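Participant: take a look and give me a structure for this.
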Amino acid sequence: MWNCTRSMLQLRMLRLMLLLSVASIGWFDLATASTHDVYNGARPGHRIVQTRYGRLHGMILPLDNFRYLRSVEVFLGVPYATPPIKQNRFSPTRAPAPWDGIRISDKYSPVCPQRLPNIQNETAALEKMPKGRLEYLKRLLPFLENQSEDCLYLNIFSPVNAAGANEKKLPVIVFIHGESFEWSSGNPYDGSVLASYGEVVVVTLNYRLGILGFLNANPSPHVHARVANYGLMDQMAALHWIQQNIQKFGGDPNVVTLAGHGTGAACINYLMTSPTMVRGLFHRAILMSGSAYSSWALVEDPVLFAIKLAKEVNCTIPEDLNRHHEQIVDCLRDVPLEDLYAADIQAPNFLTSFGPSVDGVVIRPGHSNLDIDDLMTRNSKRSAGDAGAQSAGGNGGGSGAGGSAFSGGSGYFGGGAASANIGGHYDVLFGVVTGESIWRFSAHDIQNGFEGERRDKIIRTYVRNAYNYHLNEIFYTIVNEYTDWDRTSQHPINTRDTAVAALSDAQFVAPIVRTGDILAANSPPPVSSATPSGAASAAASTLAASTQPAGRCYFYVFDYQTKDGDYPQRMGTVHGEDLPYIFGAPLVDGFSHFPQNYTKSETALSEAVMIYWTNFARTGNPNEHHRQDSVLPVSKERNRFRSITWENYDPLHQKYLEIGMKPRIKNHFRAHQLSIWLRLIPELHRAGMEDVIARHNLFRNHDDMELYEGPVKPDPFGLSAGTATSSSSPGSSSSSSSRLLLIDEQLMMKKGRGLNASTYLNGILGVASRMPNGLMGYLCCASDNQSDSVEH
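Facilitator: Below is the predicted model of the structure:
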């Protein structure tokens, strides 16, 4: 009796202290996460939650004054891992240490260290992005200023009373943020409205980014596997924490859906195929505007950037990289954080410097954007026993202390390699918006367009950086497809639109449709009277069959622009413009970094999207009946969606839901253009891998930097001179014109084997770049006495 009374007194005192705290500094200062009055009335939570690691006390967000919403219980800044600091930098994720007392979960944690886009000079910024993108970043970046290496925390949003003893456990949606592998956070994405309206538990999280999240100095992961995808392991660790504790917050650990946007969707794609992914950590996936098959999703030569970084912070490069690459990691572990992020490591345009790469552990050799065979299809044929045998030989982690989430000890997974998920089968909802790449163009481009010469530079740059073989043939194929031959002259606006379409298809639409085709290849097709014909039948027949049934797949195309949004109307929906509708911003007139002021129709659109997403999370079918269907009054806006049956996707019929003010079921989205990216270009690329002269695969004027826009990668065959005058590259003993090499299909695998540092750096590590002032340089790490910079 005394213990019970004492506990009640402690709880009352705690609530009093929290009330005084809220009264003195306000919810905005506690959460630093909202720009709207909906959060000003927050009050201390009414209960203490006992997790496996300690007790938590959260906040209540009263949403009762808004449309059919009930209050939400929020827990911010909940640790899901040991801080990756000091000796744990560049180490696999470790379980959190238990804490004593009650942890007050009333404020967001710092975000992981990151180098933010520079928008201080607006004139300079508008030369790189549209005005709408600039306005968006002005709202978003303040959420990302508080940074720390101690950043592995998650946030939980749960409808009030969801954790009651008599309440049915709710589906869980875990959101993996996008924007970039090098910056952003889960903190700006408040899940309270989605949790309340959709009756789900929403979790957002931070994971290590950029250098700290994806440094890979290992030139031969196919031989010596070593963890390098720390950011992906953070996500696995967060999922394991959720399995252990989410029931305490009203969530069902057996109904967990991973939802990711952009780079976050690519991360989920990797988790779906990773041999280190323990079975049962999640059950469904929502891939929004991102895929592991995009050019930006996999760093093909991570050692290039690791060595460039090491040189900039004065770390010694070992002579034998294969044996001693860990020396680079050990040195960088001790470098002050500000020095690491002061180094400006530039990636070739359309690619990534520090992002997921093949490490032999989390991402196996064979996963490449340029591979013809599909890893997910191959993985689906492997057994769990095979996975255990393969994992046993390469479990290397970092050199920090303690057990890791991968290697066992005090970590999450306890070394259970035999339970690794090889090509697990998930229900998947995936989709894109109609103008994915608009944000890549300048304000002048958006306003005035540009001529064909500029378009050709952009496409040529993309082709050089995304492919290795038959570059001329691929380039002219793209230009031919995205030229309106019915016009006698091309207006600059039309030329700009074709460039936007080409980059959108190449970097977003084709990769995610490819992902959907692979995942849906073995699902039973919907009953239809349509007869297989043409490219669709051929595409379906080329997908390898799996030995296990695949999950259900649903494809959407979001085609609506907010009336009072950031971008001009009629340009197409920009990457990320769908997120306010998914998180329910129109229901409360905006919050966080999303736009404010929405129409009645936009509110109904957001309600429909949330119902689709949460239905899918609940049952795997977005069409299921939802409680809100019975509560909401009838309106023409809602009836538009109630009359639609969203059919599942299959590679033959390719049906999808077009989400907008007039939703409709369509099929074969941009089919002709996608056939170029998914069928013709891969065949052209593969043909170049055969025994042909290496020079044949390069552009005719491969070294003329005036033909490109932004940094480009060196040619993979060592033929380029790296300068406009085609002089020999550093370390070359003969002119490039006299070097005729035959292509070896295993070239990219061989280049890291048996090389000392000088050979590796001379032959591979260089980035040719067109400088802003028109000078051309050759950025190269060829030797210690060679300059790393270009004179301006």
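Participant: which element is P44 on?
Facilitator: P44 is part of strand 43-50, with elements assigned from DSSP states H and E.
Participant: how close does the residue nearest to the spatial centre of the chain sit to G231?
Facilitator: With distances taken as C-alpha atoms, centre = their mean, the residue of the chain nearest its centroid is T263 (1.4 Å). As judged by C-beta to C-beta, to the nearest Å, T263 and G231 stand 10 Å apart. Where C-beta positions appear, they are placed from N, C-alpha and C, glycine not excepted.
Participant: now do the shared contacts for those two.
Facilitator: The contact sets of T263 and G231 overlap at F181 (C-beta atoms under 8 Å, 6 or more residues apart in numbering).
Participant: partners of the strand holding P44 in the sheet?
Facilitator: Looking at strand 43-50 with DSSP bridges, its partner strands are strand 55-61 (antiparallel).
Participant: now the strand it pairs with: average pLDDT?
Facilitator: Taken as a whole, strand 55-61 carries a mean pLDDT of 95.
Participant: and if you look at stretch 718-732?
Facilitator: Averaged over stretch 718-732, pLDDT sits at 43.
Participant: quick check: closest non-adjacent residue to the residue nearest to the centre of the chain.
Facilitator: Distances taken as C-beta to C-beta, 6 or more residues apart in numbering place G178 nearest to T263, at 4.6 Å, with adjacent residues excluded.
Participant: ok, that neighbour - contacts?
Facilitator: When contacts are counted by C-beta under 8 Å, 6+ apart, G178 touches S184, G260, H261, G262, T263, G264, A265, M288, S289, G290, G576.
Participant: just those residues: which are in helices?
Facilitator: T263, G264, A265 (DSSP state H).
Participant: of all the residues you listed, which comes closest to G250?
Facilitator: G250 has its nearest neighbour among the ones in helices among the contacts of G178 in G264, at 24.0 Å by C-beta to C-beta.
Participant: work out for me the element R70 sits within.
Facilitator: Counting by DSSP H and E, R70 is part of no helix or strand.
Participant: could you check how far the nearest residue to D559 once chain neighbours are set aside is from A228?
Facilitator: Once flanking residues are discounted, D559 sits nearest to G660: 4.5 Å by C-beta to C-beta, 6+ apart. Remark: distance between G660 and A228 (C-beta to C-beta) = 41 Å.
Participant: and those two? Which one has more around it.
Facilitator: A228 (31 against 16; other C-beta atoms under 10 Å).
Participant: check what pLDDT that one gets.
Facilitator: 97.
Participant: same question for M17.
Facilitator: The model's pLDDT for M17 equals 45.
Participant: which stretches of the protein have low pLDDT?
Facilitator: In the predicted model of the chain, residues 1-39, 65-67, 163-166, 367-424, 522-550, 625-638, 720-792 satisfy pLDDT under 70.
Participant: quick check: domain ranges of it?
Facilitator: Annotated domains of the chain cover 33-420, 431-665 [automatic domain parsing].
Participant: can you lay out the ones you listed as CSV showing distance to I681?
Facilitator: Shown next, in CSV, are the domains of the chain (distance: least, C-beta to C-beta, whole Å):
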stretch, distance to I681
domain 33-420, 11
domain 431-665, 5
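Participant: of those domains, which stretch is the most buried?
Facilitator: Neighbour counts (mean count of other C-beta atoms under 10 Å) averaged over each of those peak at domain 33-420, with a mean of 21.
Participant: okay, how far is it across stretch 308-316, tip to tip?
Facilitator: Distance across stretch 308-316, first residue to last, is 11 Å (C-alpha to C-alpha, to the nearest Å).
Participant: wait, isn't R52 in contact with N245?
Facilitator: Yes - if you go by C-beta atoms under 8 Å, R52 and N245 touch, sitting 5.8 Å apart.
Participant: thinking again about what came up before, name the nearest of the contacts of G178 relative to D344.
Facilitator: Taking C-beta to C-beta as the measure, D344 lies nearest S184 of the contacts of G178, at 19.0 Å.
Participant: what about the nearest residue to that closest one once chain neighbours are set aside, distance to S148?
Facilitator: Spatial nearest neighbour of S184, excluding adjacent residues (C-beta to C-beta, 6+ apart): H177 at 5.2 Å. H177 sits 17 Å away from S148, taking C-beta to C-beta as the criterion.
Participant: was I right to think S180 contacts A266?
Facilitator: No - counting by C-beta under 8 Å, S180 stays clear of A266, with 11.0 Å between them.
Participant: what does the longest strand seen in the chain contact?
Facilitator: When the chain is scanned for its longest strand (criterion: DSSP state E), the result is strand 251-261. For strand 251-261, contacts defined as C-beta under 8 Å, 6+ apart pick out 158, 162, 169-178, 201, 239, 242-243, 246-247, 266-268, 271, 280-290, 576, 579, 613, 616-618.
Participant: show me these that map onto helices.
Facilitator: Filtering these for helices - DSSP H - leaves L239, I242, Q243, A266, C267, I268, L271, L579, W613, F616, A617, R618.
Participant: against Y270, how distant is the second one?
Facilitator: The span separating I242 from Y270 equals 18 Å under the rule C-beta to C-beta.
Participant: specify the beta-bridge partners of I104.
Facilitator: With DSSP bridges as the rule, I104 is bridged to H57.
Participant: gap between it and V78?
Facilitator: According to C-beta to C-beta, I104 and V78 sit 11 Å apart.
Participant: cool, and P219?
Facilitator: Remark: distance between P219 and V78 (C-beta to C-beta) = 38 Å.
Participant: secondary structure element for S592?
Facilitator: S592 belongs to no helix or strand when assigned by DSSP H and E.
Participant: surely it and P188 touch.
Facilitator: Yes - taking contacts as C-beta under 8 Å, S592 lies within contact range of P188: 5.1 Å.
Participant: most widely separated two among the ones in helices among the contacts of strand 251-261?
Facilitator: Using C-beta to C-beta, the ones in helices among the contacts of strand 251-261 span at most 26.3 Å, a distance reached by Q243 and L579.
Participant: roughly how far apart are the closest residue to P113 other than its chain neighbours and H325?
Facilitator: Using C-beta to C-beta, 6+ apart and skipping the chain neighbours, the partner closest in space to P113 is Q147 (5.1 Å). Distance of Q147 to H325, computed by C-beta to C-beta: 28 Å.
Participant: residues in contact with the nearest residue to Y469 once chain neighbours are set aside?
Facilitator: In space, and not counting its chain neighbours, Y469 is closest to G688: 2.5 Å by C-beta to C-beta, 6+ apart. Counting by C-beta under 8 Å, 6+ apart, G688 touches N468, Y469, H470, H696, N697, I743.
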